[in-house]
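Asker: requesting a structural model of the entry that follows:
(one chain, ligands or ions: 1)
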Amino acid sequence: MIEIKTAKDMQCVTKTYRKEGKTIGFVPTMGFLHEGHMALAEKARKENDIVVMSIFVNPLQFGPGEDFESYPRDIERDRKLAEGGGVDVLFTPAPEDMYQQESTVIVNVKKRTDVLCGRSRVGHFDGVATVLTKLFNLTSPTRVYFGMKDAQQVAVVDGLINDFFMDIKLVPVDTVREEDGLAKSSRNVYLSKSEREEAAALYQSLQHGARLIADGERNPDVIMEEVRGMLNKTSGVIDYAEIYSYPDLKSREMLSGKIIIAVAVKFSKARLIDNIIIDIPDDRKEDL
Ligand code: AMP
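Answerer: Residues are numbered from 1 along each chain as shown. Next up, the predicted model:
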């Protein structure tokens with residue numbers, strides 16, 4: 001594995017790979033790697049000649065009062081994990097290198113951001129789309145790998161790639177979970193022991209919602225009342241618990257087609273998110 005620290009060097013190396021006709025799988029991360037990130041790298045390893053992983057805690061996607069400063073970082077450990085996970089190029093730029101001067105252009109995401117994390121974290125997805133546009137230009141990927149744990153991010157990246165005619169295939173990867181169902185996340189280290197136990201409720205509430213749908217419930221209010229009821233039993237504060245169509249993230253009076261139940265809960269030092277996506281069969285067709 002080689003490590004590259006500047007945008008210029010990254011672009012240079014990418015050009016060489018491209019000239020040699022190699023395919024590039026790109027895994028963008030903010031580091032403090034865990035099995036979720038490694039699942040993305042593993043899939044990229046299987047599908048491409050070269051695997052590039054970036055580790056960059058992007059200041060532009062953090063709002064005032066959010067955890068940019070305290071976001072967990074451990075680059076030494078990350079290097080070992082990335083190398084063991086089959087990464088060929090680890091890209092670790094500094095913020096001053098990614099944002100060399102005051103920005104002339106910021107990507108402004110117009111759809112799929114008025115709900116969920118986009119509503120709670122104003123400007124977050126503009127920061128994500130801007131840094132990804134930069135990173136995609138630097139790494140020239142054939143395929144990019146994103147975790148479904150951040151399903152709204154996947155929906156936004158899908159829009160970015162399509163709207164800007166980027167010649168990149170988006171590969172979503174299923175959420176990797178702890179044994180009790182908690183989605184793996186770099187922020188889980190900030191849970192206290194009792195919060196860590198309670199945090200299993202996020203996935204349990206999503207599974208409960210999925211069960212209600214499987215049993216025929218189609219009224220979103222009924223489902224979300226039960227989901228919220230389960231989350232309210234934790235010491236965390238619900239940031240949101242909502243249900244929408246996916247990937248366009250629109251409210252529905254009656255559920256049908258592909259839908260997402262998404263939750264975010266604030267514990268004392270960590271805000272956790274999770275979701276489940278369900279394909280609801282067309283009930284009318286079944287009646288025929
Ligand atoms: P982050 O470092 O949190 O920005 O995450 C980098 C990438 O890893 C994103 O595409 C995330 O969706 C993905 N990711 C994070 N946690 C998980 C997980 N538990 N399972 C699968 N992918 C994940």
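
Asker: interface residues of the stretch 151-288 of the chain facing the ligand?
Answerer: Taking CB under 6 Å from any ligand atom as the contact definition, the stretch 151-288 of the chain meets the ligand at Val173, Thr175, Val176, Ala183, Lys184, Ser185, Ser186. Heads up, the C-betas are built off the backbone N, CA and C, glycines and all.

Asker: and those as CSV, adding neighbour count?
Answerer: Listed next are these as CSV, based on neighbours: other CB atoms under 10 Å:
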residue, neighbour count
Val173, 20
Thr175, 21
Val176, 18
Ala183, 22
Lys184, 17
Ser185, 24
Ser186, 20
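
Asker: among these, which ones are in helices?
Answerer: If you go by DSSP state H, these have nothing in helices.

Asker: dump these into JSON lines; add pLDDT as well.
Answerer: Formatted as JSON lines, those follow (pLDDT from 0 to 100):
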{"residue": "Val173", "pLDDT": "98"}
{"residue": "Thr175", "pLDDT": "98"}
{"residue": "Val176", "pLDDT": "98"}
{"residue": "Ala183", "pLDDT": "98"}
{"residue": "Lys184", "pLDDT": "98"}
{"residue": "Ser185", "pLDDT": "97"}
{"residue": "Ser186", "pLDDT": "95"}
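
Asker: ok, which pair from those is furthest apart?
Answerer: Largest separation among these by CB to CB: Val173 and Ser186, giving 16.1 Å.

Asker: and the chain, what are its domain boundaries?
Answerer: Per the record, the chain has its domains at 2-173, 186-277, by automatic domain parsing.

Asker: now the terminal residues of the shortest one, how far apart.
Answerer: Domain 186-277 has an end-to-end distance of 22 Å (criterion: CA to CA, to the nearest Å).

Asker: could you do the first one as well?
Answerer: Between the opening and closing residues of domain 2-173 we find a distance of 25 Å, counting by CA to CA.

Asker: number of nearby residues for the residue in the stretch 101-250 of the chain that the ligand sits nearest to?
Answerer: Per CB to the nearest ligand atom, Gly147 is where the stretch 101-250 of the chain lies closest to the ligand, at 2.2 Å. Close neighbours of Gly147, defined as other CB atoms under 10 Å, add up to 22.
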